[in-house]
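Asker: Output the structure for:
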Amino acid sequence: MTIAIILAGGASQRMEEDKASMFGGVNRLQRCMQQAGLERTVVLCGKEERRGLFSGEVLVDPPGVQGLHELIFWLLDTFDEGILLVPCDAFLLTADAVQALLNNSPNGGVPLDEEQCRQPLFAHLPKGVSVHKDGQNVRELMQHLPSIDVRPFNAAFTNFNRPDDLQHPQLKRRHR
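Answerer: Model (predicted):
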């Protein structure tokens, strides 16, 4: 079994608004995971004051964890199932794209976006997969995992960090 972990604890400072509530927000991503056949979705909300923003299974980031790379180590130690990371700014993610990634990465992997760049915040980490133990950031943690080309769904694995990113043609078309 694979658990979807929605990463919704950031301040979204570069975007200038909370990405976890944009374009259907975390609720849309939870529905997407359910439609993709994942039985369990956990929202990591960051600090305790964000817990009430979300429904379903919501966890506060554990104390003492410094940075997303340490949070991934914690996730791998905490959950007995495989993990699919899902950033809250996955505005183009669909159930079909999730299924394509899971079907094409039985041993784990990092999807490629439409520019063929690795997107480690969408990594599939099946139970037993190891990450680079000395990694100091998410990219380094995932560096040895294979890149997964999920054509024709590559655009679904796009991150949106700044207001200018919202000019993406597929985003404009989908959310008119």
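Asker: Which residue ranges of this protein form strands?
Answerer: 2-7, 40-44, 57-59, 82-87, 110-111, 124-125, 147-148 (DSSP state E).
Asker: need those in a markdown table with distance to Cys32, can you?
Answerer: No exception for glycine: its C-beta is placed from N, CA and C like everyone else's. Output for the strands of the chain, formatted as a markdown table (distance: least, CB to CB, whole Å):
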| stretch | distance to Cys32 |
| --- | --- |
| strand 2-7 | 9 |
| strand 40-44 | 9 |
| strand 57-59 | 16 |
| strand 82-87 | 8 |
| strand 110-111 | 15 |
| strand 124-125 | 15 |
| strand 147-148 | 18 |
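Asker: Got the phi and psi for the residue lying closest to Gly108 once chain neighbours are set aside?
Answerer: Once flanking residues are discounted, Gly108 sits nearest to Val129: 4.0 Å by CB to CB, 6 or more residues apart in numbering. Main-chain dihedrals, Val129, degrees, to the nearest 10: phi -70, psi 140.
Asker: What of Glu81?
Answerer: phi -110, psi 170.
Asker: ok, how many other residues are close to it?
Answerer: 13 (other CB atoms under 10 Å).
Asker: and the gap between it and Pro62?
Answerer: Glu81 is 18 Å from Pro62, where distance means CB to CB, to the nearest Å.
Asker: one step back: residue contacts, the residue nearest to Gly108?
Answerer: Counting by CB atoms under 8 Å, 6 or more residues apart in numbering, Val129 makes contact with Gly82, Asn107, Gly108, Leu145.
Asker: In terms of pLDDT, where does it sit?
Answerer: pLDDT recorded at Val129 is 91.
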